[in-house]
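J.: Need a 3D model of the following:
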Amino acid sequence: MKRIAAAVVIASCAAASFAGVSRSYKDWPKTPIGYYMTNEEKKQWSAIQSDAEAEQFIKDFVAKRGGDTFTREVAQNAEKADKYLSIGKTPGSETARGKMMILLGPTVATAAAKKKKNGEVRMVPPSSMGGLSGSTDPSTPTMEDMQAASNGPGSATTFVTEYTFAYPASALPPAYGKSLTVKIEVDTGADRDRIASYGAEKELDKLYEMVAQAKLAAAKPPTP
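T.: Numbering: from 1, shown residues only. Predicted coordinates:
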């Protein structure tokens, strides 16, 4: 009961702090540029109380990361995510797979399974995010394969497609020091996807913070 009461208080405080902020700014952390917020910046953002403050925060945020160069890079990656990873009305750049691709880069889906929501499983061809990196190898599965598998015939609302993505350690921030495997379920009936396990979600949060910190540090001029 105490835990529920605490959650209500936190939610009320968050709503109060954002009382003067319009929806377009409230949702900004869920945008491809907003993905690059560090944990400290997320705290700063939660204290914003007006559109003017939000606008200034975003201007400073972008400037710290290289300005137009940063926004163009993110826009290009978001465009690719929208092209290959959209689920119904949900843009690919707003999906769990899109966020992962934007922050960590494209990777290969080592396995894919179409699962009935009651637990029945049947395998489908594995696919990849390789097409996003410009691979021309005809033997390499492409993003079109994954899009077809999740949105094609047979993807009724009673099914989800679970993809297993693998990142080698060399593709991740050096400080992480190990490889990563993530399973993501795509539910075309609900126009959404989700990280299949809490453990993988926490690992991704850790990696996303490392990437955000690295992007910020890379844009800072060297100390004389």
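
J.: Ends of stretch 79-93, what's the gap?
T.: 7 Å (C-alpha to C-alpha, to the nearest Å).

J.: Just say helix, strand or coil for A111.
T.: Under the three-state scheme (DSSP: H, G, I helix; E, B strand; the rest coil), A111 adopts strand.

J.: surely it meets T161?
T.: No. A111 is not in contact with T161 according to C-beta atoms under 8 Å; the separation is 11.0 Å. (Each C-beta comes from the backbone N, C-alpha and C, glycine too.)

J.: The two - which one has more neighbours?
T.: Per other C-beta atoms under 10 Å, whichever of A111 and T161 has more neighbours is T161, with 23 against 16.

J.: A strand includes that one, no?
T.: Yes. Under three-state DSSP, T161 sits within a strand.

J.: now the helices for this structure?
T.: 2-17, 23-26, 39-46, 51-64, 68-85, 96-104, 143-151, 198-219 (DSSP state H).

J.: Any regions of the chain where pLDDT drops low?
T.: 1-19, 117-157, 221-224 (pLDDT under 70).

J.: now with 90?
T.: For the chain, the stretches with pLDDT under 90 are 1-24, 26, 107-110, 114-159, 188-189, 219-224.

J.: I'd like the domain boundaries of it, if you could list them.
T.: 2-64, 86-219 (automatic domain parsing).

J.: Tabulate the ones you listed in TSV, adding columns for distance to T71.
T.: Formatted as TSV, the domains of the chain follow (distance: least, C-beta to C-beta, whole Å):
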stretch	distance to T71
domain 2-64	6
domain 86-219	12
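
J.: of all these, which gets the most neighbours per residue?
T.: Most buried of the domains of the chain by mean neighbour count (mean count of other C-beta atoms under 10 Å) is domain 86-219; its value is a mean of 16.

J.: correct me, but I58 touches W28?
T.: Yes. Judged on C-beta under 8 Å, I58 makes contact with W28 at a distance of 6.6 Å.

J.: which one is E203 nearest to, not counting chain neighbours?
T.: Spatial nearest neighbour of E203, excluding adjacent residues (C-beta to C-beta, 6 or more residues apart in numbering): L180 at 6.2 Å.

J.: Can you name the residues that contact the residue nearest the centre of the chain?
T.: In the chain, the residue lying closest to the centroid (C-alpha atoms, centre = their mean) is K99, at 1.7 Å. By C-beta atoms under 8 Å, 6 or more residues apart in numbering, K99 lies in contact with 32, 35, 93, 208.
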